[in-house]
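In: any chance you can model this:
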Amino acid sequence: MECKKNGDFLVKRISELKKSDKVENYYLIKSIECKITNNSSTNKYLDIILADSTGTINSKLWEVSKEIESMFKENMLVKVKGSINEYRGKLQFKIDRIRKITEEDNVNIDDFVPTAPYKSDDMYEKVLDYICKIENDDIRKITENIILSCEDKLMNYPAAKSNHHSVKGGLLYHITTMLRSGEKLLEIYENLNSDLVYAGVILHDIAKIYEMNSSELGIVSEYTMEGQLLGHITLGINLIETAGREVGADREVVVLLEHMILAHHYEPEYGSPKKPMIPEAELLHHLDIIDARLYDMNKAIKDIDYGTFSERVWSLDNLSVYKSFISKNNKRNL
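Out: Now for the predicted structure:
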């Protein structure tokens, strides 16, 4: 991609940045913190994570005044000018000038937020299609009750604050991908109850919209009080319990769905006090693991060269991921 120039400065997206680049462009402040330099108790600087739809970069604005310190906040679009350095093996943006955007800048905020590859409206319709495939009235009514109650939030919410599917619409993307995978596996494991699988996939992470506070941009600012004290698994069980009462569902149906949610993290240290004790819950766990890990693997190698390893990825057991020369169509990339 050919980058535009503004005088001596390049207009680049974050994924295109390279060491020694001089850059002037619009970015979103994903996080910002005022800190004090190691060698002074008075010199302050801003530690900023800048973002656009292609990624993020750590940035520094040195020697800030009180006025500048209070001027900029999270989820704010800014225009910055500066240079790209390298610090401890990672690119870092040294900001020389920064300002808020104005109406005259005529920028679209959606261009600056990492977003799921499909439109939220389309993914939501796909979820509703799968709900219609659920034949058991009680399972369908519980699932529909919960999904319709959180439709607005579901359109933008990520599936996590910083790990897998942490993008605008990421929760819907995670759900719809798992639904498609689950449907294929149900063709092989014909003894499984498809109603439980579809409902379990749709509901397994749905309480994340109550676990985290997210803006309409899909950026999580913090975990809620309930999220920190209870977590999305417990919150999800409460949603099913309430919905079950509201639709008058059979008690066994309610308990089975609750078990699906309770066991989907598999291990107690990850929030599941019970391991899967029905086949559908076992499948749900593995669908979740497959989708989350493959997402993080693909993200890790997306912008690196063929024949190289990614940085270590915490969510992948702190392993590096190798990007081979063999593409998905089994041809060598040269």
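In: helix/strand/coil for L239?
Out: The local conformation at L239, judged by DSSP: H, G, I helix; E, B strand; the rest coil, is helix.
In: I should have written M260 there, sorry.
Out: Classification of M260 using three-state DSSP returns helix.
In: and it, how many neighbours?
Out: Counted by other Cβ atoms under 10 Å, the residues lying close to M260 total 27. Any C-beta I mention is one placed from the backbone N, CA and C, and that applies to glycine too.
In: who are the neighbours in contact with it?
Out: M260 is in contact with 196, 199-200, 203-204, 278, 280-281, 284, counting by Cβ atoms under 8 Å, 6 or more residues apart in numbering.
In: recalculate using a threshold of 10 Å.
Out: 196-197, 199-201, 203-204, 236-237, 240, 276, 278, 280-285 (Cβ atoms under 10 Å, 6 or more residues apart in numbering).
In: then K302?
Out: By Cβ under 10 Å, 6+ apart, K302 lies in contact with 15, 54-55, 310, 323.
In: which parts of the stretch 101-250 of the chain are strands?
Out: In the stretch 101-250 of the chain, the strands defined using DSSP state E, counting those that start in this stretch lie at 212-214, 220-223.
In: just the pLDDT at the residue nearest to I134 when sequence neighbours are not counted, thanks.
Out: Leaving aside its chain neighbours, I134 sits nearest to R140 (4.0 Å; criterion: Cβ to Cβ, 6 or more residues apart in numbering). If you check R140, the pLDDT there is 98.
In: R140 contacts I131, doesn't it?
Out: Yes. Under the criterion of Cβ atoms under 10 Å, R140 makes contact with I131 at 6.2 Å.
In: any common contacting residues for these two?
Out: 198-199.
In: residue ranges with poor pLDDT in the chain?
Out: Scanning the chain for pLDDT under 70 picks out 1-8, 39-42, 327-334.
In: returning to that earlier point: next one: the residue nearest to I134 from D129, what distance?
Out: 12 Å (Cβ to Cβ, to the nearest Å).
In: S20 now?
Out: Distance of S20 to D129, given as Cβ to Cβ: 50 Å.
In: who has more neighbours, these two?
Out: More crowded of S20 and D129, by other Cβ under 10 Å: D129, with 11 against 8.
In: that one contacts L179, correct?
Out: Yes. If you go by Cβ under 10 Å, D129 and L179 touch, sitting 9.0 Å apart.
In: one step back: would you turn the strands of the stretch 101-250 of the chain into TSV with distance to D105 and mean neighbour count?
Out: Shown next, in TSV, are those (distance: least, Cβ to Cβ, whole Å; neighbours: other Cβ atoms under 10 Å):
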stretch	distance to D105	mean neighbour count
strand 212-214	25	19
strand 220-223	24	14
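In: kindly reformat the ones you listed as TSV containing distance to P114.
Out: Shown next, in TSV, are the strands of the stretch 101-250 of the chain (distance: least, Cβ to Cβ, whole Å):
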stretch	distance to P114
strand 212-214	13
strand 220-223	12
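In: those: which one's closest to K184?
Out: Distance to K184, taken as Cβ to Cβ, is lowest for strand 212-214 among the strands of the stretch 101-250 of the chain, at 30.0 Å.
In: who touches that closest one?
Out: Residues from elsewhere that reach strand 212-214, judged by Cβ under 10 Å, 6+ apart: 153, 156-161, 166, 168, 170-171, 208, 219-224, 227-228, 232.
In: same thing but at 8 Å, please
Out: Here strand 212-214 has contacts from 153, 156-158, 161, 220-224, 227, using Cβ under 8 Å, 6+ apart.
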